[in-house]
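Undergrad: My questions concern the predicted model and sequence given below.
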Amino acid sequence: MPVLVITGTGTEVGKTVTTAAVAASAVAAGRSVAVLKAAQTGVGPDERGDADEVARLAGPVTTAELARFPEPLAPATAALRAGRAPVRPQEVAETAAKLAAGHDLVLVEGAGGLLVRFDAEGGTLADAARLLGAPVLVVASAGLGTLNTTELTARELRLRELELLGVVIGSWPAEPDLATRCNVADLPHVAGAPLLGALPAGAGTLATADFRAAAPDWLAPRLNGRWDAQAFSAREAPAPFARP
């Protein structure tokens, strides 16, 4: 798995922090890692972007960013309003392939969800994944509403014949409600793919050393971690409903 594409079921689901955790776990396992942010929006020229935040949290990783646009919009719209050339899936794939030549693992982080448009022709992160032949990791929210967006994302990946590696819960609350707890069992079912981790809420606010030390505890062995999905489910999911 030299390249892994990371997408979210939407915005603000913990995609960047999850990317940092995957990177940190790989680095801890002795792998060289590069992180490619396909298109950064809502950030000025001198401000820190998502790739910078991943490097801060994860440690010694190579970072690359194809373009950044100042307004917090979908990349295609942000590029158009900025009067700049958009990022295209071919550019994402070519850059990731070059990074893969010199690294054990390349993480390609998208913007928003899988089908957010990069350009006026409708190019998306899914198109970049297809060009790369790379698996996709989906970061999902924990609570009510996540089953629908996760299943829609999984269906689109299957429709495009892309491999869904698994699902990571981007922010697991300290006191989950009933819907959130039920989602532990339901998420892998609707996705048709395993649950590969759960990051605690606020993980991105940890001190750098604490984040790097803890990251493998949040991710399954498939992602170079030691998180146990069965143990997590036994602890967090509610007992099965017994009918009278």
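TA: Perfect, I can see it now.
Undergrad: any idea which element V168 lies in?
TA: strand 164-172 (DSSP states H and E).
Undergrad: Give me the helices and strands touching that strand, please.
TA: helix 15-28, strand 136-140, helix 146-159, helix 178-191, strand 195-200 (3 or more Cβ pairs under 8 Å, 6 or more residues apart in numbering; DSSP states H and E). C-beta here means a position set from N, CA and C on the backbone, and glycine is covered the same way.
Undergrad: Adding distance to A97 and mean pLDDT, write these out as a markdown table.
TA: Listed next are those as a markdown table, based on distance: least, Cβ to Cβ, whole Å; pLDDT from 0 to 100:
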| stretch | distance to A97 | mean pLDDT |
| --- | --- | --- |
| helix 15-28 | 18 | 98 |
| strand 136-140 | 16 | 98 |
| helix 146-159 | 20 | 98 |
| helix 178-191 | 27 | 96 |
| strand 195-200 | 24 | 98 |
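Undergrad: Looking at those, spot the one closest to A213.
TA: helix 15-28 (8.4 Å; Cβ to Cβ).
Undergrad: just checking, next helix/strand downstream of that closest one?
TA: Per DSSP H and E, helix 15-28 leads on to strand 33-37 as the next helix or strand towards the C-terminus.
Undergrad: still on that earlier bit, neighbouring strands of the strand holding V168 in the sheet, and parallel or not?
TA: According to DSSP bridges, strand 164-172 forms sheet pairs with strand 136-140 (parallel), strand 195-200 (parallel).
Undergrad: just checking, A64 touches A38?
TA: No. Counting by Cβ atoms under 8 Å, A38 is not a contact partner of A64; they are 9.6 Å apart.
Undergrad: Look at those two and report which has more neighbours.
TA: A38 (27 against 16; other Cβ atoms under 10 Å).
Undergrad: Tell me where the model's unsure across the protein.
TA: Within the chain, the stretches with pLDDT under 70 are 1, 241-244.
Undergrad: Am I right that A55 sits in a helix?
TA: Yes. Counting by DSSP: H, G, I helix; E, B strand; the rest coil, A55 is part of a helix.
Undergrad: what angle do the strand holding V168 and helix 146-159 make?
TA: Computed with axes from the mean of the first three to the mean of the last three Cα atoms, to 10 degrees, the direction of strand 164-172 lies at 160 degrees from that of helix 146-159.
Undergrad: Could you export strand 164-172 as CSV, CA atoms only?
TA: The C-alpha coordinates for strand 164-172 follow below in CSV (Å, rounded to 0.1, in the frame of the first residue of the first chain):
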residue,chain,number,x,y,z
LEU,A,164,-12.6,0.9,0.5
LEU,A,165,-9.9,0.0,3.0
GLY,A,166,-12.1,0.8,6.0
VAL,A,167,-13.6,3.5,8.1
VAL,A,168,-12.1,5.5,11.0
ILE,A,169,-14.3,7.5,13.4
GLY,A,170,-12.7,10.9,13.4
SER,A,171,-13.8,12.1,16.8
TRP,A,172,-15.2,9.7,19.5
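Undergrad: Determine how far that strand lies from the middle of the whole chain.
TA: Averaging C-alpha positions (Cα atoms, centre = their mean, to the nearest Å) puts strand 164-172 8 Å from its chain's average.
Undergrad: Which positions in that strand come out as buried?
TA: 164-172 (16 or more other Cβ atoms under 10 Å).
Undergrad: Make sure P216 is indeed in a helix.
TA: Yes. With three-state DSSP as the criterion, P216 is part of a helix.
Undergrad: In this structure it contacts A28, no?
TA: Yes. If you go by Cβ under 8 Å, P216 and A28 touch, sitting 5.8 Å apart.
Undergrad: Would you mind saying which of the strands paired with strand 164-172 lies nearest E121?
TA: Set against E121 and scored by Cβ to Cβ, the strands paired with strand 164-172 come closest in strand 136-140, at 20.9 Å.
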